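Colleague: structure for this input, please:
(one chain, ligands or ions: 1)
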Amino acid sequence: MSGAPSLEELKAKVAGSSFYVALRALPPQEREAMFAVYAFCRAVDDIADDQQGARPERAAALASWREDIDALYAGGDPGQAAFLADPVARFGLVREDFHAVIDGMAMDVERDMRWPDAATLDLYCDRVASAVGRLSVRVFGMEEETGIALSRHLGRALQLTNILRDIDEDAAIGRVYLPEEHLVGAGVALISPAEVAADPRVDAAARALAKEAHAHYRAAEAILAARPRGLLIAPRMMAAVYGRILERLEATGWRPPRTRVRVNKAALVWTFMKLRLTS
Ligand SMILES: CC(C)=CCC/C(C)=C/CC/C(C)=C/COP(=O)(O)OP(=O)(O)O
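Modeller: This is a model prediction of the structure:
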């Protein structure tokens, strides 16, 4: 493993994310807090995805993050989590949400995820995405219950979209996040990640998962449409950007060979300006 990245390096990665435009729209303190939350996610995600590191080493790196988070909440030396002290204090971020994100990354470290059952995939999405949402909605100043409900749906919608976008990248590193039930239902033989990705019937499995993602987008949009308290432009932007990716994926389909779907910068800026006027 190449050693822990600096906060500057992590922040540079934030700038490369499709969520950057959404986060830039926030007022300074909220923006800084979200950059810190995102930098944390990036750091643990990099450990989960590190293809060079041995599994025990990567598990130890995640454990050291868990210890630093615990030290931060216990008033001890937070080590590499020091940059989270300010957002945690200012916005009342919850320790269990950080733990959940680390637990989700640990699922990728224990073994490569291969056609998890639906319940395992749902738990994974709750940890790696909805828990990030739960941290975020506190920064956005949303009321707790509504914030948790929004995180549940928007987190899952975004993560499922991400899974549907990255089938080939994931298969190349031995992972398949499409759930067993949909793959079996589509008649895909569960032999190896490469063989699953190369099977044209993966299209039907992906479409079934896309349907679930749509249901989560709809539920998230219904919550946002009720205009709850909070800085809503960020989640609206995230839903708009990733919702668009999902639509484009559905339009091209998942039969191999697949081409990578991207959102172009102009479309991002345009969506952002429209939301600025209506949020
Ligand atoms: C309530 C609320 C705010 C919920 C949302 C929570 C949230 C931001 C979840 C992250 C999910 C996700 C697919 C991240 C990919 O990030 P990436 O940087 O790898 O994305 P990219 O590859 O598209 O740039």
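
Colleague: show me where pLDDT drops low in this structure?
Modeller: With pLDDT under 70 as the threshold, the chain has low-confidence stretches at 1-3.

Colleague: for the residue in it positioned nearest to the ligand, which three-state class applies?
Modeller: The ligand sits closest to residue 133 of the chain, with a gap of 2.9 Å, by C-beta to the nearest ligand atom. Every C-beta, even on glycine, is put in place using the N, C-alpha and C of the backbone. Look at residue 133: counting by DSSP: H, G, I helix; E, B strand; the rest coil, its state is helix.

Colleague: what is the burial count for the closest residue to it other than its chain neighbours?
Modeller: Once flanking residues are discounted, residue 133 sits nearest to residue 151: 2.9 Å by C-beta to C-beta, 6 or more residues apart in numbering. Using other C-beta atoms under 10 Å, residue 151 has 26 neighbouring residues.

Colleague: can you name the residues that contact residue 151?
Modeller: Residue 151 is in contact with 130-134, 136-137, counting by C-beta atoms under 8 Å, 6 or more residues apart in numbering.

Colleague: residue 23: which of those is nearest?
Modeller: Within the contacts of residue 151, the smallest distance to residue 23 is 9.3 Å, found for residue 136 (C-beta to C-beta).

Colleague: what helices or strands is the strand or helix carrying the closest one leaning on?
Modeller: Assigned by DSSP states H and E, residue 136 belongs to helix 131-140. Applying 3 or more C-beta pairs under 8 Å, 6 or more residues apart in numbering; DSSP states H and E, one finds that helix 131-140 contacts helix 28-49, helix 85-91, helix 95-110, helix 144-165, helix 233-252.

Colleague: the helix or strand where residue 212 lies vs helix 144-165, what angle?
Modeller: Assigned by DSSP H and E, residue 212 belongs to helix 202-225. Put simply, helix 202-225 runs at 160 degrees to helix 144-165, going by axes from the mean of the first three to the mean of the last three C-alpha atoms, to 10 degrees.

Colleague: contact partners of helix 202-225?
Modeller: Residues contacting helix 202-225 (C-beta under 8 Å, 6+ apart): 146, 149-150, 153-154, 156-157, 160-161, 163-164, 167, 178-179, 182-183, 185-188, 196, 232, 235-236, 239, 243, 246, 249-250, 253-256.

Colleague: one more time with 6 Å, if that's ok
Modeller: 149-150, 153-154, 156-157, 160-161, 164, 178, 182-183, 186, 188, 232, 236, 239, 243, 246, 250, 253-255 (C-beta atoms under 6 Å, 6 or more residues apart in numbering).

Colleague: buried among the residues you listed? Need that as a selection in PyMOL.
Modeller: Of these, the buried ones can be selected in PyMOL as follows, counting by 16 or more other C-beta atoms under 10 Å:
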select buried, resi 149+150+153+154+156+157+160+161+164+178+182+183+186+188+232+236+239+243+246+250+254
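
Colleague: deepest of the helices and strands packed on helix 131-140, which one?
Modeller: Using mean count of other C-beta atoms under 10 Å, the stretch among the helices and strands packed on helix 131-140 with the largest mean neighbour count is helix 144-165, at a mean of 22.

Colleague: residues of the stretch 151-279 of the chain that sit close to the ligand?
Modeller: Neighbours of the ligand within the stretch 151-279 of the chain, by C-beta under 6 Å from any ligand atom: 151, 154-155, 158-159, 162, 235, 238.

Colleague: can these go into CSV with extra columns for distance to residue 209?
Modeller: Listed next are these as CSV, based on distance: C-beta to C-beta, whole Å:
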residue, distance to residue 209
151, 20
154, 16
155, 15
158, 13
159, 11
162, 11
235, 22
238, 19
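
Colleague: which one of these is nearest to residue 92?
Modeller: residue 151 (15.1 Å).

Colleague: circling back to that earlier point, residues near the residue of the chain closest to the ligand, how many?
Modeller: Going by other C-beta under 10 Å, the residues that sit close to residue 133 add up to 28.

Colleague: over to residue 266?
Modeller: Using other C-beta under 10 Å, residue 266 has 8 neighbouring residues.

Colleague: tell me the angle whichever strand or helix holds it makes with helix 233-252.
Modeller: Assigned by DSSP H and E, residue 266 belongs to helix 265-278. Per the same axes, to 10 degrees, the angle that helix 265-278 makes with helix 233-252 is 140 degrees.
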